[in-house]
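**Q** have a look; sequence and predicted model below, questions after that.
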Amino acid sequence: MDLITRRVPVKSIGLPEWATKVLKEHDLGEEVKLIRKGITPEDTKFNENERSSVDYITTKTVDRDGEIVVPKGAILDHYRNNPVVLFGHNYKELPIGKSLWIKLDDKGLISKTQYAKHSKADDIYQYRKDGFPMAKSIGFIPLEVVEEADFGGLDLKALGLSTADLVGANRIYPKWLMLEYSDVPIPSNPDALQLAISKGILTLEEAKVAAEEDNAFVIELISTEAVEKAEPVIVIDKEVEIEEPTADIEDLEKRYGKEAFAAYSDEAVVIVEPKPLVFKSVEGADGPWNKEYKELNIVELEAEPSSAEYDIAAKWLDCEVKDIFVHSRTIPSAEMGSYLTGLNEVLKDFELITTRNFMSDGSESPLEYSIIQLTSEKSSDFLISGMEFYAADKYKRFEAEGEKIVEKDSQKVIIKRRQTWYGFQLTAYSTNSNKGISIKLFSGAQK
């Protein structure tokens, strides 16, 4: 499982002196952003004599942001001079260990972490050794970035990648500078956070920050101290007479304890039910015990679009991001020509307002076209990288200052086209109320 990517300006985190020197050596200023990406290691190997573990710290797998950090592209020279392992990327606290070595294999980078001999490092090592969840997260600065549109220029063999590795990727970091890696809690797992709190690895505030940073849906984290202070205030004793025992004495003793049946006879058996634990609110309280807690109004909750692409789509479709209907279709290479020809025929019922080629960060590139072979004798020119903005032809338009303006109630749709290594990726954006448009477009193109 991969964790959320964090991008942090280096000037805001207080890098140690050695890391600042590294930035200067690569002509990188304080405006550069440090990226943190985490994974949950599998098949971890522990050595109790060395107090060490061997784990993957990053792999070439496409993460949930559609990005690949190429393991072979890691620059580790500076890190090996100061191979610290931190907890939660906290540069201000004592490191919890050091890396004894880092090796590259076909899957990713493997590191051997030796844990330090201080109380927090002890707690984290024991916590992990006992099988409780903890992730590994690298902190790095990208030196080279390649967007999906430029994947064709990559030397995959030199990077240790294959075309199959690129499926689902939209950005690659072929060369990157590793500053450190950390053990980090898994914020999307509230049980793991609560356990880390109970063992003193995390404070309640640190756990809340971790959950907020990962957008984890953790309703509430309760400190163990608060639980211990809770008092039962109502005690109910209730006797139930059973004239005919329903189980033998040995079975009943196992269930309820021997003391309950010490005076057992052939007479009726009296069983005392367990005392229920009942809580009452604090005296004088007139509301929830946690005054800062407010029930989440998920209907009215406002959130920023997660990408520039969704922001553009929402504005064009005149709706909120939550009301966008996204419909995708993957076209194998062998079927590209016939399918795209069919799609262009179906789209003749719509008016093309404009075509743009927006990147995931909101920047724009030129439109890309390519000649695709339809038959042994016939070929045609197709858009292979761009977004087409359409409106249903039956709705009114009017001209305003030389621009085409579409009325708000028009049926609109966006078709995003991207050629990939495995064929062609089509994505249609419409509103939920008009989702039939997207579905019919793609199904009609197959006929």
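**A** Structure received.

**Q** may I see the domains of the protein written out as residue ranges?
**A** Here the domain parsing of the chain from automatic domain parsing is 6-184, 239-272, 308-445.

**Q** got those as CSV, with mean pLDDT, mean neighbour count and distance to residue 299 columns?
**A** For every residue, glycine as well, the C-beta is placed using N, CA and C. Converted to CSV, the domains of the chain look like this (pLDDT from 0 to 100; neighbours: other CB atoms under 10 Å; distance: least, CB to CB, whole Å):
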stretch, mean pLDDT, mean neighbour count, distance to residue 299
domain 6-184, 86, 17, 26
domain 239-272, 50, 11, 47
domain 308-445, 81, 15, 10
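
**Q** kindly reformat the ones you listed as a markdown table containing distance to residue 301.
**A** As requested, those are arranged in a markdown table below (distance: least, CB to CB, whole Å):
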| stretch | distance to residue 301 |
| --- | --- |
| domain 6-184 | 22 |
| domain 239-272 | 47 |
| domain 308-445 | 10 |
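
**Q** mind checking how far residue 365 is from residue 149?
**A** 6 Å (CB to CB, to the nearest Å).

**Q** ok, residue 359 next?
**A** Residue 359 is 8 Å from residue 149, by CB to CB.

**Q** shared neighbours of these two, anything?
**A** Here residue 359 and residue 149 share the contacting residues residue 365, scored by CB atoms under 8 Å, 6 or more residues apart in numbering.

**Q** identify the residues contacting the closest residue to residue 69 other than its chain neighbours.
**A** Excluding the flanking residues, the one nearest residue 69 by CB to CB, 6 or more residues apart in numbering is residue 173, at 4.9 Å. Residue 173 makes contacts with 35, 67-70, 73, 140, 142, 144-146, as judged by CB under 8 Å, 6+ apart.

**Q** which strand or helix spans residue 173?
**A** If you go by DSSP states H and E, residue 173 is part of strand 171-184.

**Q** can I get that strand as PDB, trimmed to CA atoms?
**A** Presented in PDB, the C-alpha positions along strand 171-184 are these (Å, rounded to 0.1, in the frame of the first residue of the first chain):
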ATOM      1  CA  ARG A 171       4.800  11.300 -14.400                       C
ATOM      2  CA  ILE A 172       8.300   9.800 -13.900                       C
ATOM      3  CA  TYR A 173      11.200  10.900 -11.700                       C
ATOM      4  CA  PRO A 174      14.200   9.400 -13.600                       C
ATOM      5  CA  LYS A 175      16.800  11.100 -11.400                       C
ATOM      6  CA  TRP A 176      16.400  12.200  -7.800                       C
ATOM      7  CA  LEU A 177      18.400  13.100  -4.700                       C
ATOM      8  CA  MET A 178      17.600  11.200  -1.500                       C
ATOM      9  CA  LEU A 179      18.000  13.200   1.700                       C
ATOM     10  CA  GLU A 180      16.700  10.700   4.100                       C
ATOM     11  CA  TYR A 181      14.100   8.100   4.800                       C
ATOM     12  CA  SER A 182      11.800   7.600   7.700                       C
ATOM     13  CA  ASP A 183       9.600   5.300   9.600                       C
ATOM     14  CA  VAL A 184       6.100   6.800   9.500                       C
END
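
**Q** what strands flank it, and is each parallel or antiparallel?
**A** Strand 171-184 sits in its sheet next to strand 67-69 (parallel), strand 74-75 (parallel), strand 84-87 (parallel), strand 135-147 (antiparallel), going by DSSP bridges.

**Q** any chance of these in CSV, plus distance to residue 41?
**A** Shown next, in CSV, are the strands paired with strand 171-184 (distance: least, CB to CB, whole Å):
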stretch, distance to residue 41
strand 67-69, 15
strand 74-75, 17
strand 84-87, 13
strand 135-147, 5
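
**Q** which one of the domains of the chain lies closest to residue 296?
**A** domain 308-445 (14.9 Å; CB to CB).

**Q** what's the end-to-end length of that closest one?
**A** End-to-end distance for domain 308-445: 28 Å, by CA to CA, to the nearest Å.

**Q** now stretch 46-59
**A** 20 Å.

**Q** hmm, who's touching it?
**A** 37, 39, 41-42, 44-45, 69, 71, 74, 100, 102, 107-115, 117, 125, 128-129, 136, 138, 181.

**Q** between the contacts of residue 173, which is closest to residue 314?
**A** residue 67 (23.2 Å).

**Q** hey, where'd the helices end up in the stretch 251-400 of the chain?
**A** 308-317, 336-346 (DSSP state H, counting those that start in this stretch).

**Q** I appreciate the help and will end here.
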